[in-house]
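Chemist: Whatever this is, show me its structure:
(chains A, B and C)
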Amino acid sequence: MGIIAFLVLFPFVVALALLLIRNDRGRGVLVTAGSIVIAAASIYAAASFFSGGAAYFDVNEAYEPLSELIGYAMMAIEIALAVVIFVLGVRHRQPLACVLAAAQTPLMVWFELSEGEGIEIASALYIDQLSIIMALIIGIIGTLICVYALGYMKDFQRHSHGEPDRRPWFFFLLFLFLAAMYGIVFSNDLVWMFFFWEITTLCSFFLIGFTRTEEAVRNSFRALVMNLLGGLGFVGAIIYLGKNFGMLELGTILEFASQPEYKGYFTIPLALLAFAGITKAAQMPFNSWLLGAMVAPTPTSALLHSSTMVKAGVFLILKLSPAIGGTWTGTMTTLVGGITFLMASFAAVSQSNAKRVLAYSTVANLGLIVACAGTGLEGAVWAATMLIIFHAVTKSLLFLCVGTAEHNIGSRDIEDMDGLFGRMPRLAAFMITGISAMYLAPFGMLLSKWAALESLILASNPLIVLLVIFGSSVTLFYWGKWLGKMAAIVGGQENIQGRVHVEEWASLGALVALVAAACLSFPTLSNRVVVPYIMDAFAASGSGDVLEKTLSNDNMVIMSVMVAIIILLPLLFYGRTNRKIVPIYLSGAGLDDGRSYTGSMQKKTEFKLRNWYMETYFAERRMNAIGVVATCAVLAFILAMVLGGVIAS
Amino acid sequence: MTANGINVAAALSVVAYIVLAPFVGGLLAGIDRRISARMQGRFGPPLLQPFYDVLKLLEKEPVTVNRGQDFYVACCLIFMMVTGALFFAGMSLLLVIFTLTTASVFLVVAAYSSNSPYAQVGAERELLQMMAYEPMVLIAAVGLYLVSGRSFGISDIIGSPAVGVVYLPGIFIGFLFILTIKLRKSPFDLSMSHHAHQELVKGLTTEFSGKTLAILEISHWYENVFLLGFVFLFFANGTPLMAVVGVAVCLIAYFLEVFIDNVNARMKWQFALNSSWIVALVFGATNMMVVYFASVSGWGVQ
Amino acid sequence: MPYITKSPWIIHYDGSSCNGCDIEVLACLTPMYDVERFGIINTGNPKHADIFLVTGSVNEQNISVIKQIYEQMPRPKVVVAVGICATSGGVFRECYNIMGGIDTVIPVDVYVPGCAARPEAIIDGVVKGLGVLAEKRGRLPAELAEEAAARRAAEREDDDPEAVMTFEVSEDAGDGKGGA
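Modeler: All right, here's what the predicted structure looks like:
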């Protein structure tokens, strides 16, 4: 248990220290050392709890005199945070944020002081395979992003002339975020989990608003309001559970709620928790906060998208999965996820801003995860867990690549990345790796999507299957055109990749290695990590044989072999040609730089190649509107019925 | 048959596919050109013309526009062979479809890598076509899954006693529709076509020459044989009679596609996308829903 | 017999002309003459073509275009000049902007006379070109080996491995400042 407490507290200590350090050197050392320790501790925790299944820890007993104190400290911090939100809300004229903060925290405090007092928490912390997976994602990918941020923020500071150096604050937030994420994945006590949940909301609020431009402030408040709304759902669930059942331990709740005979009693709190998860996972209609988060410095986006924040949302829904499967809440979750997957994939086609493409892709993939989790079927949850892992690795790589590209070519627009293969060959190769890993066989993401499709067919909803089928077809298009752009070899480019900071290369290289390793070890990952978790989680409700409901081992092995081939082929053969290299065909009027031709009046004319965005089909605004209306309808209808007590299960 | 026996049979059919598919595919292409010529009132080239073309391309001077392109095209061929091999080994249909996608993406990337305007237009249209046909292909896979005792395994689909097309007429029609795109026939020969040289030179393949183009041609032969294999799945039920019927229908389907090619002009890309998605929804999705609910309520299938 | 004679793909370029020969070339593709019988395809892409079929004469504007198309065709390749304009400049020969026949710019292997050249004559010219193609195909391996050896020697001398083939641009290209 010590290691778990360490994982929650240590990043927090590092964060506090970073707040005080003002010089680059010290920050560099501390961030790097802190990251290494956190990653090592995560791996150690994984290694020591790996084979044991779920383990619960009694905090009261272990830290007898402290336990009371922890509770009050948390409450005090919560109140302080609510006051901060309220004040900021008043200053920036955001009434909604004020109202939500004013509604949520007093409710929570009232509950904790009245009902909550009497509820005995046997074990406030726990660890199981899913939290191990999450811990590894946070501990390895999260810290890699922090290391990357070192180099990135140097450039960032240089680009923002005259702005005061607020980097200590930035790094404080990053590490605080990691601490809170550990808190979420290890908390068994829902009150604790909610505490950490709110901290991530706050952290993301400050990170999004970091640049303090008008747009940043507006978007940060949007994120805040939406997540506070989810938080309100969380509070509702806690109060309901505490008042009616005197139960606040996630493990116990899930154990009861997964059994068919008790399912009906938990409908309302689970629906509220699923709603909280949906807001945090940036599902439609709440996806706009994640899109708005793009104004923040790139490490923030990478962190929010890959290892923290949205992953907390899907983590919660995934935990609930065995309990909500086959209920109206499950149907709601699946429908919201499915619609989000489709509409976000559509919207991604129309985007040329690389970060927005990535953002929509994140929303879409989370949608798929949420849809899978909602079915409550073993195979689907298996696929969802795999998706979480591969999405985290790949998406962080892509975000960081875009960040580096942006600082070196001065734009994050895909259309400005012409000839990146010549300008920054290594970066382009990394991006090609990342993009391929997002949507092509034989990489992990596609494999997981395949499994998701297979298990969604089993779930009794062919509509979802159609949503996924059309969504993934469009996915093919928007990744394909970006991949092509990255692979394009444009003549006469100057190589500028020497300007990239060494920290950035280190993180990017490590992430590429991680992507490759994860894809290669897919069968092991499944058999050793994910399947045992599913077996545990579905012990009560499932039908037992998990392995039969996932991809067959043969298929996974074939894919791993293909991954090996696809890694080896370019290493061995790419670029080896003894053929004569000739210019491209430009109707006989080409000039030898390969980028221009003799135009009318014998003038040298440069051509530009542009991708398709198909605005008439996939206009962002329209896709969002349709998605928001559809998901709102689903949420409103089912939530109203559930909360109104019309449907019991 | 023992497990070993199945493995041997699978290995044999994979070897047969790898060795024979180029010959079958090339011959089919030759027949295609001959029939097309006759439909246009011409005599047409010799039956073996596609082989002459490829052998000639192999003899040409080796040139390339950059150091990456040949690699991508070679990967396209490799993955196309893997696609067919997995198909004829009786593996999962979804695995096969996704591998095919990877092969196609390699081709698109090869075209993009040249940074040539004509190749780029072709590549972009190819991606669009992929987006257009993919839903129908996946719906077809799901349909076959539903009627074959809930398995994506191709050997299970072939072995299942249900004749797919009986339950999946809509999906079969939809699949034939997008087969036109996959076989690069008018009205959907958007991305690469000799006939479109005034608008996009040779689209996707503009910058491929000599050996590279030959490799691409061979990979198309592999692809076409695999696609006809997909058509075969709708008819197979493990009996020799239906196997014969299946092969016959494959040939008829191929003839039908040649016919469609000759009676249509090339349409705009909007038409390709609209029509194939509408067909996927109207024929494919409806049929899938019907089979789905029928199988859930225990009527008809299984 | 090399396969190239069984599958000669053509790129057709029309220079300065009255378009008469141009139309006759298209006539060859029709069912009446059906050149696909010989495996001939009209590709429109020099990178795929074996035979460069030129109608019309060379003028100041198209000189670089003709050169470039020719250079972009991978070997073995032959040039067939179709019609009197392509062979000698024809009635346009004395015009201020006309250089003359195609052979003033690139080597021509077969001359097909006629104004306009008849389809039968064009087909005949192409078939004559096949003989030249076969001959060139025979010489190609030796040529390639020789070039590869030369390239290797050059690479050993200086460290620049980029053996980029460049094509010459006429002096007039690039608004009179000597090309780009």
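Chemist: Out of the helices and strands in the chain, which is least certain?
Modeler: Answering for chain A, as no chain was given. The helix or strand of chain A with the poorest confidence is helix A:546-549; it has a mean of 60 (mean pLDDT, DSSP states H and E).
Chemist: Oops, wrong one, chain B.
Modeler: Per mean pLDDT, DSSP H and E, helix B:197-200 ranks last in chain B, at a mean of 74.
Chemist: ok, back up a step: in the next helix or strand after the least confident helix or strand of chain A, which of the residues would be classed as buried?
Modeler: The first helix or strand that comes after helix A:546-549 along the chain, using DSSP states H and E, is helix A:553-573. Buried positions in helix A:553-573, judged by neighbour count with 16 or more other CB atoms under 10 Å in any protein chain shown: A:555, A:556, A:558, A:559, A:560, A:562, A:563, A:566, A:570. (Each C-beta comes from the backbone N, C-alpha and C, glycine too.)
Chemist: contacts for helix A:553-573?
Modeler: Identification of contacts with helix A:553-573 by CB atoms under 8 Å, 6 or more residues apart in numbering or on different chains yields A:441-443, A:447, A:516, A:519-523, A:526-527, A:547, B:71, B:74-75, B:78, B:82, B:86, B:91-92, B:95, B:99.
Chemist: swap the cut-off to 6 Å and go again
Modeler: For helix A:553-573, contacts defined as CB atoms under 6 Å, 6 or more residues apart in numbering or on different chains pick out A:442, A:447, A:516, A:519, A:520, A:522, A:523, B:71, B:92, B:95.
Chemist: picking up where we left off before, next, see if the next helix or strand after the least confident helix or strand of chain B gets close to chain A.
Modeler: Using DSSP H and E, the next helix or strand after helix B:197-200 towards the C-terminus is helix B:210-233. No - taking CB under 6 Å from any CB of the partner chain as the criterion, helix B:210-233 and chain A are apart, separated by no less than 8.5 Å.
Chemist: Would you mind listing the buried residues in stretch A:513-530?
Modeler: For stretch A:513-530, a neighbour-count test (16+ other CB under 10 Å) marks A:514, A:515, A:516, A:518, A:519, A:520, A:522, A:523, A:525, A:526, A:529, A:530 as buried.
Chemist: Now chain C against chain B: closest residue?
Modeler: Residue nearest to chain B within chain C (CB to the nearest CB): residue C:44, separated by 3.1 Å.
Chemist: Can you name the residues that contact residue A:193?
Modeler: Residues in contact with residue A:193, defined by CB under 6 Å, 6+ apart, are A:184, A:187.
Chemist: Can I get the helix or strand encompassing it as CSV, trimmed to CA atoms?
Modeler: Residue A:193 is part of helix A:190-208, with elements assigned from DSSP H and E. These are the backbone C-alpha positions of helix A:190-208, laid out as CSV (Å, rounded to 0.1, in the frame of the first residue of the first chain):
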residue,chain,number,x,y,z
LEU,A,190,-16.1,7.4,-3.9
VAL,A,191,-15.6,10.6,-1.9
TRP,A,192,-11.9,10.4,-2.4
MET,A,193,-12.4,9.6,-6.0
PHE,A,194,-14.6,12.6,-6.4
PHE,A,195,-12.0,14.8,-4.7
PHE,A,196,-9.4,13.8,-7.2
TRP,A,197,-11.9,14.0,-10.0
GLU,A,198,-12.5,17.7,-9.1
ILE,A,199,-8.8,18.3,-9.0
THR,A,200,-8.4,17.1,-12.5
THR,A,201,-11.2,19.4,-13.5
LEU,A,202,-9.5,22.3,-11.9
CYS,A,203,-6.1,21.4,-13.3
SER,A,204,-7.4,21.2,-16.8
PHE,A,205,-9.3,24.5,-16.3
PHE,A,206,-6.0,26.3,-15.4
LEU,A,207,-4.0,24.5,-18.1
ILE,A,208,-6.5,25.4,-20.8
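Chemist: picking that back up, and the residue of chain C closest to chain B, how close does it get to residue B:54?
Modeler: Residue C:44 sits 20 Å away from residue B:54, taking CB to CB, to the nearest Å as the criterion.
Chemist: Just give the nearest non-adjacent residue to the closest residue to chain A within chain C, would you?
Modeler: Here the residue of chain C nearest chain A is residue C:65; by CB to the nearest CB that distance is 3.6 Å. Distance criterion CB to CB, 6 or more residues apart in numbering or on different chains; nearest residue to residue C:65, sequence neighbours excluded, is residue A:588 at 3.6 Å.
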